[in-house]
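>>> Kindly generate the corresponding structure for this input.
(2 chains)
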Amino acid sequence: MPITTNTLHIPLLTIILLLPSLGAAICWVVPSVRLARLLAPAVAIIDFILSAFVLVEFHLTGSAWEFQLADRRDWIESLPGIAHLGITYWLGVDGVSVFLVVLTGLMMAIAIAAATFMITERLRAFLILMLFLETALFGVFMAINLFLFFVFWEAMLIPSYFLLGVWGEGRRFYATMKFLVYTIFGSFLMLVGIFYLWSRTGTLDMAGPSGLVAHPLDPTAQTWVFLAFTLAFAIKLPLFPLHSWAPDAYSESPVPFLIALAGIMSKAGAFGFIRYCVALFPTAAHNFQALISILAIIGMLYAAGLALVQTDIKRLVAYSSISHMNLIVLGIFALNATGIDGSVLQMINHSVIISGLFLAVAYITARTGTRLLPQMGGLGRRWPLLMWLFFVFVLAGLDLPGLGSFSGEFLILLGVFRENAWYASIAAVTVILAAWYMIRFFQDSMNGPEKEPIEPAAEPAADAGSVYQFPVFQRLIRGDLLPGEILLYVPLVLLILYLGVKPVTVTRRVDPTVARLVTLVRSAPSPGLGGGP
Amino acid sequence: MMLVVSVPLHVTLADWGSILPELVVTGGFLVLLLADAFIPVRRTEVATGIALLTILLAFLAAMNLWSHGMAASLYDTVSSDKFAVFFDFVILVSAALTALLSPSYIRYSHFDPGEFYALILASAVGMMFMAAAISLMVIFIALELLSLALYILSGFERSRPESQEAGFKYFLLSSFASAFLVYGMAMVYGATGTTRILQIATCLGHGAGCSAAASASPLLYIGVGLMLVGFAFKVSIVPFHMWTPDVYQGAPTPVTAFMSVTTKAAVFAAFIRVFNFALAPIESHWYGVVWALAIVTMVVGNIVALVQTSMKRLLAYSGIAHAGYILVALAADNALGQTSVAFYFLAYAFMNIGAFVVVAVMESQEGPVGDEIASYRGLFYRNPSLAGATAVFMFSLAGFPLTAGFVAKYLAFSAAVQAHHTDLAIIGVLTSLISIYYYLRVVYVMLRRPEVPGVQSPPTPAAADLAAWIAVAGTIGLGIIPTGFLNLATQSVTAIRYIFGLP
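Down below sits the predicted model:
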């Protein structure tokens, strides 16, 4: 039974949650765009520093599953004399979510800083929406009431809709609608699951003696609710075969939003698997272990295979992201401590690496005027700084030992191996594929014969955007990386190196939560026959 | 059977007090009418001011009634309980928002403001009586009162054939439905021997003074069926919805805004009193029909809305779909369901009238073409604040969290789940999924770059701007901190359940 504590006596999580929205409101009223342009990243950086405090204040827990820094307020818990709705405003972090909160703080600070020079058109609106999105993302990771979680889960979509629909590239309408229809379909089925949970237990709180974790559903009922939740999270991830919205959405997104989308929002899906699917429906999770593992393996191989043949570098990175996300699911559904530890570690790594790669895509596109690999070549000779920094992310993307992602993937594969040696062996093939497509990406763009940049049309299109808003940019960047561009890379590179050397910083804190989660799954009653595959 | 009224009529001051809000609005109606006859109220501001003042006074009277409400008055025909007063609030808020959005439209289409507001107030009186009625007769009279005013209002733009068509169509079809309703009422009276809702409930629950045969009488079931048709028509439930898109599109936009919320609210209040309270003992008999109607309404409303190109028709079908969601809460037949209906209408008043404010502004700026969704193209660039408000209303109607629409829908569906009608909740959620497409299409059209870049819309008229801001504040406020208003809804339902002896 999870308990909640707060040793800090200030509502730190609430402050972190609401600060970006407050910042957005201020950005709205300040007289000039210039001011908003300074204010938004400042707010995001302050919020990141505050979220780093969460990590500092997070203590290794004792014997219970503990949500720390908890903050509970009355919302609409019940309608007196009519119904108990079980809706509370209740925030808290456990060993898993604490890292996702810090990660959100960091990546959103980077994304918002990137937006200040990558977006030129209606920058103020973009920043406001990004700040609202940050609040929603924090909420998803902090909420320990299912209703509150759902509110933030859906609220993520509102700014996303505008960020993709207004600032997206060519086929943005198609991409936005596909993204929206897929994700909302999933989350609405989750809403039905939430209704069902509420009707059976009368509460939506995760923690506490009467919370949902302490009172699991009976094994047969778990199956359907598990599937409803799984669908929502699998779409967001995206898990094969529900991934088809992702390549379109990723390739049409403006890069600052993409950092939030691929870097954080996809992690919300993986986080949902750990926090809700496994913790609330341990029996069903066990029953569906094989099915989801197999889907994940197919997904990672399939996406990696597609990444091999992409000529559009943004799509290439998108498919590599999908491939890695499927690996994370595989680790979670090993359902042992090693696998889930590895998955959490890999969630952090993947977020950093994918953001670095998408930034590289933006940097390259802004210099070459194209996203197509065959039109590039010899960029390394022209812009060595870009090449070397890009190289770090390429190496991290192919899991070089000593860089962050190696330890994560190693732990995942180890965990999977303990469950099923076949799965692990097949999954390991993706490591080879990853090396292949990453090196191909690097070689074809950075090495080889130099090719001339594709100059934009002399007359900017009617909806001309920034130099970064491919394909409607007005001019190309001529030189090597600008100071601002390098600055964005610094924290990412440092984090990759640090996590490669000392992943134990993460695993030590994740371990207690995961250990109790695994106990929960292992001790769950088996439904006997006919529960699932 | 002859009914002889042998009691001398004796109406006390307390009786008058219990219908004070209705009396105030009636007073405002008379003042406007007289003022229009003697001192020609040509100035829109004057008429609007009188209407708003009346609404404010009625609101204060309603607030007073909320704290000193009384159960039954005027020979047990009207009950000014908190449930009725809550719906009074909804109707008055809607009327106020309508009065704010009207002036620019009145100037645009050159009609007589005095008569217009007088009729709005007259129909508001009917609605408020309907929400408070605890006698089938008063329900019918109130319905006629509100409908008569609305028939005229629908055809108020005499110069536009569509408006004439709307008025005539609404009149013909609605009178037909009224006939169904009154016929059903007569049969229920024949079966139970009373028109009072409380006594019907007692009778069907095999209480004193009523034979057990009443609840087995075919007369009763035919009557209930006919009444259901009548109610279903007025709140545009499929398959009795055919008039809705034509009337909503043809009627002047302020009238559509007003009737789309308030008629539904008033009729649903009576619908609840009759079906959830008077006919609660025979719930098993009507549940199946209401269940089917709710499903058909949600499915048809949402699917047909997908292909609309006119904003008013889109909102008409959206209104049909929302009637379906509310019917789910009514079918739940529990306290949570009734609370959610009450809350739903408060939320709906803000988000739906808000959406019509936008239509009215667009029409007064761009002419009849302002009703076309295509004309919203580039609105985010031409008029960012109006477009932002539209987006809020669309997201709320679609049921996104942090808006009133989400809380309302969540409560309605959780009522169905609590009553073990999970199937209705699932279908409700899935049809809401369909609705996202057409609501967000409007937002998307506004996001598209305008055909002629750089053109700014003229500024939104101040009163309409105020209405839009109030509606936005209500929509977001009810979505983020619904607690206070939910408590009011809870109290109102507790009060009515207490009267009927339910927990």
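
>>> Neighbours of the residue of the stretch 101-250 of chain A found nearest chain B, how many?
Minimum separation of the stretch 101-250 of chain A from chain B (Cβ to the nearest Cβ) falls at residue A:151, amounting to 4.0 Å. C-beta coordinates here come from the backbone N, C-alpha and C atoms, glycine included. By the measure other Cβ atoms under 10 Å in any protein chain shown, the count of residues near residue A:151 is 25.

>>> send the alpha carbons of the strand or helix carrying it over as CSV?
Per DSSP states H and E: residue A:151 is located in helix A:146-155. What follows is helix A:146-155, C-alpha atoms only, in CSV (Å, rounded to 0.1, in the frame of the first residue of the first chain):
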residue,chain,number,x,y,z
LEU,A,146,-6.4,9.0,-11.6
PHE,A,147,-8.9,11.8,-12.5
LEU,A,148,-6.2,14.4,-12.0
PHE,A,149,-3.9,12.3,-14.2
PHE,A,150,-6.5,12.1,-16.9
VAL,A,151,-7.2,15.8,-16.8
PHE,A,152,-3.5,16.5,-17.5
TRP,A,153,-3.2,13.6,-19.9
GLU,A,154,-5.9,15.1,-22.1
ALA,A,155,-4.8,18.7,-21.4
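
>>> Can you give me the buried ones in the helix or strand following that helix?
Moving toward the C-terminus from helix A:146-155, the first helix or strand encountered (DSSP H and E) is helix A:157-167. Going by neighbour count (16 or more other Cβ atoms under 10 Å in any protein chain shown), the buried part of helix A:157-167 is A:157-167.

>>> outside of helix A:157-167, which residues touch it?
Among residues not part of helix A:157-167, those counted as contacts by Cβ atoms under 8 Å, 6 or more residues apart in numbering or on different chains are A:119, A:121-122, A:125-126, A:129-130, A:132-133, A:136, A:172-173, A:175-176, A:179-180, A:183-184, A:249, A:252-254, A:257, A:261, A:265, A:465, A:469, B:380, B:395, B:400, B:402, B:440, B:443-444, B:447.

>>> Turn the buried residues of helix A:157-167 into TSV, including distance to residue A:66 and pLDDT.
Putting the buried residues of helix A:157-167 into TSV (distance: Cβ to Cβ, whole Å; pLDDT from 0 to 100) gives the following:
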residue	distance to residue A:66	pLDDT
A:157	31	90
A:158	32	91
A:159	32	92
A:160	32	92
A:161	36	90
A:162	38	89
A:163	35	90
A:164	37	88
A:165	41	84
A:166	42	83
A:167	41	84
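
>>> so, if you compare the residues you listed, which one comes nearest to residue B:51?
The closest of the buried residues of helix A:157-167 to residue B:51 turns out to be residue A:158 (Cβ to Cβ; 35.6 Å).

>>> That closest one and residue B:257, how far apart?
Computed with Cβ to Cβ, to the nearest Å, the distance linking residue A:158 and residue B:257 is 25 Å.

>>> and if you look at residue B:431?
Using Cβ to Cβ, we find residue B:431 at a distance of 24 Å from residue B:257.

>>> re earlier: ok, and the closest non-adjacent residue to the residue of the stretch 101-250 of chain A closest to chain B?
In this structure, residue A:151 finds its nearest non-sequential neighbour in residue B:401, 4.0 Å apart by Cβ to Cβ, 6 or more residues apart in numbering or on different chains.

>>> Burial check on that neighbour, number of neighbours?
Per other Cβ under 10 Å, the neighbour tally for residue B:401 reads 25.

>>> can I assume it is in contact with residue B:479?
Yes: Residue B:401 sits in contact with residue B:479 when judged by Cβ atoms under 8 Å, with a separation of 7.2 Å.

>>> So which residues on the stretch 101-250 of chain A come close to chain B?
Residues of the stretch 101-250 of chain A found near chain B, taking Cβ under 8 Å from any Cβ of the partner chain as the criterion, are A:150-152, A:154-155, A:157-158, A:161-162, A:165-166, A:173, A:176-177, A:180-181, A:184-185, A:188-189, A:191-192, A:195-196, A:198-199.

>>> filter the residues you listed to the buried ones?
With neighbours counted using 16+ other Cβ under 10 Å, those contain these buried positions: A:150-152, A:154-155, A:157-158, A:161-162, A:165-166, A:173, A:176-177, A:180-181, A:184-185, A:188-189, A:191-192, A:195-196, A:198-199.

>>> So which of the contacts of helix A:157-167 are in helices?
Secondary structure of those is defined by DSSP state H; positions in helices are A:125-126, A:129-130, A:132-133, A:136, A:172-173, A:175-176, A:179-180, A:183-184, A:249, A:252, A:257, B:380, B:395, B:440, B:443-444, B:447.

>>> Buried subset of these, written for ChimeraX?
ChimeraX command restricting those to the buried ones, with burial defined by 16+ other Cβ under 10 Å:
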select /A:125,126,129,130,132,133,136,172,173,175,176,179,180,183,184,249,252,257 /B:380,395,440,443,444,447
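
>>> before we move on, the earlier item: now do the contacts for the residue of the stretch 101-250 of chain A closest to chain B.
Residue A:151 sits in contact with A:139, A:143, B:401-402, B:406, where contact means Cβ under 8 Å, 6+ apart.

>>> before we move on, what about residue B:242?
Residues touching residue B:242, when contacts are defined by Cβ under 8 Å, 6+ apart, comprise residue B:173.

>>> Tell me the buried residues in the helix or strand that contains residue A:492?
Using DSSP H and E, residue A:492 sits within helix A:483-501. For helix A:483-501, burial by neighbour count (16+ other Cβ under 10 Å) applies to A:485, A:488-489, A:492-493, A:495-496, A:499-500.

>>> I'd like to know how far the nearest residue to residue A:317 once chain neighbours are set aside sits from residue A:324.
Here the nearest residue to residue A:317 in space, its sequence neighbours aside, is residue A:357; by Cβ to Cβ, 6+ apart that works out to 4.7 Å. Here residue A:357 is placed at a distance of 11 Å from residue A:324 (Cβ to Cβ).

>>> ditto for residue A:274
Note on residue A:274: its distance to residue A:324, by Cβ to Cβ, is 16 Å.

>>> Also residue B:403?
In this view, residue B:403 and residue A:324 are 35 Å apart by Cβ to Cβ.

>>> Quick check: residue B:179 is in a helix.
Yes: according to DSSP: H, G, I helix; E, B strand; the rest coil, residue B:179 belongs to a helix.

>>> Compute the number of surrounding residues for it.
Burial of residue B:179 is recorded as 13 neighbouring residues (other Cβ under 10 Å).

>>> Would you tell me which residues of chain B are close to chain A?
B:335-336, B:339, B:380, B:395, B:400-402, B:406, B:410, B:413-415, B:417-418, B:420, B:422, B:425-426, B:429-430, B:432-433, B:436-437, B:440, B:443-444, B:447, B:449, B:453, B:482-483, B:486-487, B:489-490, B:493-494, B:503.

>>> and these, which of them are in helices?
Filtering the residues of chain B next to chain A for membership in helices, criterion DSSP H, returns B:335-336, B:339, B:380, B:395, B:406, B:410, B:413-415, B:417-418, B:422, B:425-426, B:429-430, B:432-433, B:436-437, B:440, B:443-444, B:447, B:483, B:486-487, B:489-490, B:493-494.

>>> Nothing else from me, thank you.
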